[in-house]
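Asker: structure for this input, please:
(2 chains)
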Number of protein chains: 2
Amino acid sequence: MPKLSFFSRFSRVLALGVLLAFGAQAQSDPLPSWNDGAAKRAIVTFVRETTDHSSASFVPPAERIATFDQDGTLWVEHPMYAQVMYCLDRVHAITRADPELAGVEPFKTVLSGNREAIARLTMPDLEKIFAATLTGMSIDQFNADVKKWLETATDPRWKRPYTALTYLPMQELLEYLRANAYKTYIVTGGGQDFVRQYAEKIYGVPPEQVVGSAVGTRYGYGKDGKPFLTKEPKLLLNDNDAGKPEGIHLMIGRRPHLAVGNSTGDRQMLEYTKAGDGARLSMLVLHDDAQREYDYGPAQGLPATKVGAFTQALYDQAQKQGWTVISIKNDWKRVFAFE
Amino acid sequence: MPKLSFFSRFSRVLALGVLLAFGAQAQSDPLPSWNDGAAKRAIVTFVRETTDHSSASFVPPAERIATFDQDGTLWVEHPMYAQVMYCLDRVHAITRADPELAGVEPFKTVLSGNREAIARLTMPDLEKIFAATLTGMSIDQFNADVKKWLETATDPRWKRPYTALTYLPMQELLEYLRANAYKTYIVTGGGQDFVRQYAEKIYGVPPEQVVGSAVGTRYGYGKDGKPFLTKEPKLLLNDNDAGKPEGIHLMIGRRPHLAVGNSTGDRQMLEYTKAGDGARLSMLVLHDDAQREYDYGPAQGLPATKVGAFTQALYDQAQKQGWTVISIKNDWKRVFAFE
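Answerer: Down below sits the predicted model:
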């Protein structure tokens, strides 16, 4: 009876598999780094309601769009955005290539290494630095420069690569949403080309799902006759504030069902998301944990700053419009994977 | 022996299923509306080589990007782009709402219905018509207007909805690519917002995979306090010529492995695609079938026109750079599904 024997074994394996699958489903927690609390419950309820066919809030898979701010939402943004650190570091490279620039402001100040003087650079100064370090080169050259930098640059506090400083609870949330057929997008004020260099590797978000501030490119031909694109000093999309819903429309063309941000620059994205029909979840990360990360939320009465401004008005709007506030201190069991 | 009986039947069903699956695989032709010829062979070879793990030209699924021009590539563009017909029709609606406009050129000419006069409208005239009919309204209003128009507007030759005039062989190609884990994008000179209203329904291409000419939007609030986006008369992306690879970089961030176009406006997209490493397939649809569709390819020695210009120089470049020319007359067994 070799057949019976085979199928008997097969049936046992099958039964075991079914039991394991059920058991796994009942026991597994898709968000193990989240404490049980209002934020976690809001997420789990939202996902259940929008993916259950029998629910009034069911969302067809094609319409399941989730958008995440990056700096301060998916990874650390203090004391300074990683991309700004990249631009400051690049000043050394470009002044080596063009020594005349070394004597010209604002490059001279950057080269001095004087942190206080660098911190006092004005927005027009920074714009000159951004234009010099983020435009004028081919896309391929830019991509190579960013990748090389990411391999060696480290955060000043944790002495780890910037790419290690992603929030574990947010990684779990991205995964959980994707496992439920949500398309996860990054919608960042940072440079679209910059973030695309690592988003797939560190967040599982492919380049075409990264929306960011973007300059135009110019199509041309190399000496070998091969076409290539050059980054132009012409801002096409400032993906901050109202630019976020505008960028979402441009690049996605659908209103998100879920959005997460952490600063005033995310206000319009969170409003726009929440104002849609049916189930919509807008969430705001509150940085209130000086010990494990940083504390710059409104509880401290800090004024609006350029990096991750979280004003009292933003907090009040979250309460009023039913956005879910995520407290790093209270809602996150672990902050980083390396802890 | 109920168990044996169950599993015996199960094993027969299983065996039958396997046989059927193999049979179907051996017999089914993913491109039944294509004649056997160089174009079809180029497609099948490309797909096999880029999806076979053991092939030197294997492309990981995440990098499988295919871009399609729309007008003249996926659907009929003669005698005039559907979107231009939409704009001309909309002039009637906007002059009803604002009667003063009815006496002002170029709207007066459009309202006259005089086809020859309308055909003589200049580019600045058309730009005024585009600005008046494609901008100034909310996204929701625009979407509703387009959907309503699509339900009733018909093509002058076939007397069918424009959405019925897609090319069956191209529908098969889109499906075939998607079945092989390619992400299919439309990259059109037409309006991104316009094409997004029907692309998912008629091509299976979701809004976020439609790249087109795009105006900026402005975020604001309605009387009810709800946020909405208004279409602004400010061109962000002219998705023609060099604008196609530039738009692909902006919206996708990866170089396509396959691209299909049909006019000089697609030249740079086809060049850019073909110039990538590994297996790249650039294809050019030649309209050479006056009986079943239209004939405006270079064989007729026609000069470059605004609609679907296919010049001799473009044809020569295709030969020189190894793009595959698709002859509607010779390569397509059927042109439309309704035939």
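
Asker: name the nearest residue to the residue nearest to the spatial centre of chain A, ignoring sequence neighbours.
Answerer: Centrality entry for chain A: nearest residue to the mean C-alpha point is residue A:70, 2.3 Å, by CA atoms, centre = their mean. Leaving aside its sequence neighbours, residue A:70 sits nearest to residue A:188 (CB to CB, 6 or more residues apart in numbering or on different chains; 4.0 Å). Using the backbone N, CA and C atoms, a C-beta is placed for each residue, glycine as well.

Asker: so what's that neighbour bridging to?
Answerer: Judged by DSSP bridges, the bridge partners of residue A:188 are residue A:212.

Asker: picking that back up, ok, the residue nearest to the centre of chain A - contacts?
Answerer: Residues counted as contacts of residue A:70 (CB atoms under 8 Å, 6 or more residues apart in numbering or on different chains) are A:186, A:188, A:190, A:195, A:212.

Asker: gap between it and residue A:195?
Answerer: 6 Å (CB to CB, to the nearest Å).

Asker: overlap in contacts, those two.
Answerer: A:186, A:188, A:212.

Asker: now render those as CSV, adding neighbour count and pLDDT.
Answerer: Formatted as CSV, the shared contacts of residue A:70 and residue A:195 follow (neighbours: other CB atoms under 10 Å in any protein chain shown; pLDDT from 0 to 100):
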residue, neighbour count, pLDDT
A:186, 23, 98
A:188, 30, 98
A:212, 25, 98
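
Asker: just these now: which is nearest residue B:312?
Answerer: The closest of the shared contacts of residue A:70 and residue A:195 to residue B:312 turns out to be residue A:212 (CB to CB; 41.6 Å).

Asker: enumerate every residue touching the closest one.
Answerer: Contacts for residue A:212 (CB under 8 Å, 6+ apart) come out as A:70, A:186-196, A:237, A:239, A:247.

Asker: that one and chain B, how far apart?
Answerer: Note on residue A:212: its distance to chain B, by CB to the nearest CB, to the nearest Å, is 10 Å.

Asker: same check on residue A:290?
Answerer: Here residue A:290 is placed at a distance of 34 Å from chain B (CB to the nearest CB).

Asker: that residue falls within a strand, correct?
Answerer: No - according to DSSP: H, G, I helix; E, B strand; the rest coil, the state of residue A:290 is coil, so it is not within a strand.

Asker: just say helix, strand or coil for residue A:219.
Answerer: Secondary structure, three-state DSSP: residue A:219 is strand.

Asker: my read: it touches residue A:229, true?
Answerer: Yes - in terms of CB atoms under 8 Å, residue A:219 counts as a neighbour of residue A:229; the distance is 5.9 Å.

Asker: end to end on stretch A:325-339, go ahead and measure it.
Answerer: In stretch A:325-339, first residue to last residue: 23 Å (CA to CA, to the nearest Å).

Asker: for it, list every residue counted as buried.
Answerer: By neighbour count on 16 or more other CB atoms under 10 Å in any protein chain shown, the buried set for stretch A:325-339 is A:325, A:326, A:327, A:328, A:329, A:331, A:332, A:334, A:335, A:336.

Asker: next one: stretch A:223-234
Answerer: A:227, A:228, A:229, A:230, A:231.

Asker: closest one to residue B:274 out of the residues you listed, please.
Answerer: Residue B:274 has its nearest neighbour among the buried residues of stretch A:223-234 in residue A:227, at 9.2 Å by CB to CB.

Asker: phi and psi next, for the closest one.
Answerer: Main-chain torsions, residue A:227, degrees, to the nearest 10: phi -70, psi 150.

Asker: pLDDT value on it, please?
Answerer: pLDDT recorded at residue A:227 is 97.

Asker: ok, now which ones touch residue A:216?
Answerer: Residue A:216 makes contacts with A:232, A:234, A:235, A:236, B:246, as judged by CB under 8 Å, 6+ apart.

Asker: for chain A, what spans make up the helices?
Answerer: A:2-27, A:38-51, A:82-97, A:107-112, A:115-119, A:123-134, A:139-152, A:168-179, A:192-196, A:199-203, A:243-251, A:267-274, A:312-321, A:328-331 (DSSP state H).

Asker: among those, which comes closest to residue B:205?
Answerer: In terms of CB to CB, the element of those nearest to residue B:205 is helix A:243-251, at 14.9 Å.

Asker: so the closest one versus helix A:267-274, what angle?
Answerer: Calculated by axes from the mean of the first three to the mean of the last three CA atoms, to 10 degrees, helix A:243-251 forms an angle of 60 degrees with helix A:267-274.

Asker: ok, for the residue in the stretch 51-200 of chain A that chain B sits nearest to, nearest residue in space, not its chain neighbours?
Answerer: With CB to the nearest CB as the measure, residue A:196 is the residue of the stretch 51-200 of chain A nearest to chain B, at 5.1 Å. Once flanking residues are discounted, residue A:196 sits nearest to residue A:207: 4.2 Å by CB to CB, 6+ apart.

Asker: residue B:190 versus the residue nearest to the centre of chain A, what's the distance?
Answerer: According to CB to CB, residue A:70 and residue B:190 sit 32 Å apart.

Asker: cool, and residue A:116?
Answerer: Distance of residue A:116 to residue B:190, computed by CB to CB: 53 Å.

Asker: which one of those two is surrounded by more residues?
Answerer: residue B:190 (22 against 6; other CB atoms under 10 Å in any protein chain shown).

Asker: which bits of the stretch 201-339 of chain A sit near chain B?
Answerer: Selection of the stretch 201-339 of chain A residues close to chain B by CB under 8 Å from any CB of the partner chain yields A:206-208, A:210, A:214, A:216-219, A:226-227, A:229, A:236-237, A:242, A:245-246, A:249-254, A:268, A:271-272, A:275.

Asker: report the buried members of those residues.
Answerer: With burial judged by 16+ other CB under 10 Å, the buried subset of those is A:206-208, A:210, A:214, A:216-217, A:219, A:227, A:229, A:236-237, A:242, A:245-246, A:249-254, A:268, A:271-272, A:275.

Asker: show me the contacts for the residue nearest to residue A:196.
Answerer: Neighbouring residues of residue A:207 by CB under 8 Å, 6+ apart: A:196, A:199, A:200, B:252, B:253, B:254.

Asker: the second one: neighbour count?
Answerer: Applying the criterion other CB under 10 Å, we find 24 residues in the vicinity of residue A:199.

Asker: not counting its neighbours along the chain, what's nearest it?
Answerer: Excluding the flanking residues, the one nearest residue A:199 by CB to CB, 6+ apart is residue A:205, at 4.4 Å.

Asker: and for the fourth one?
Answerer: With CB to CB, 6+ apart as the measure, residue A:208 is the residue that lies nearest to residue B:252, at 4.7 Å, once sequence neighbours are left out.

Asker: the one you found contacts residue B:253, doesn't it?
Answerer: Yes - contact criterion CB under 8 Å: residue A:208 and residue B:253 qualify, at 5.7 Å.

Asker: pLDDT value on residue A:3, please?
Answerer: Predicted confidence (pLDDT) at residue A:3: the value is 45.

Asker: now do the one 4 residues further on
Answerer: Reading off the per-residue confidence, residue A:7 sits at a pLDDT of 46.
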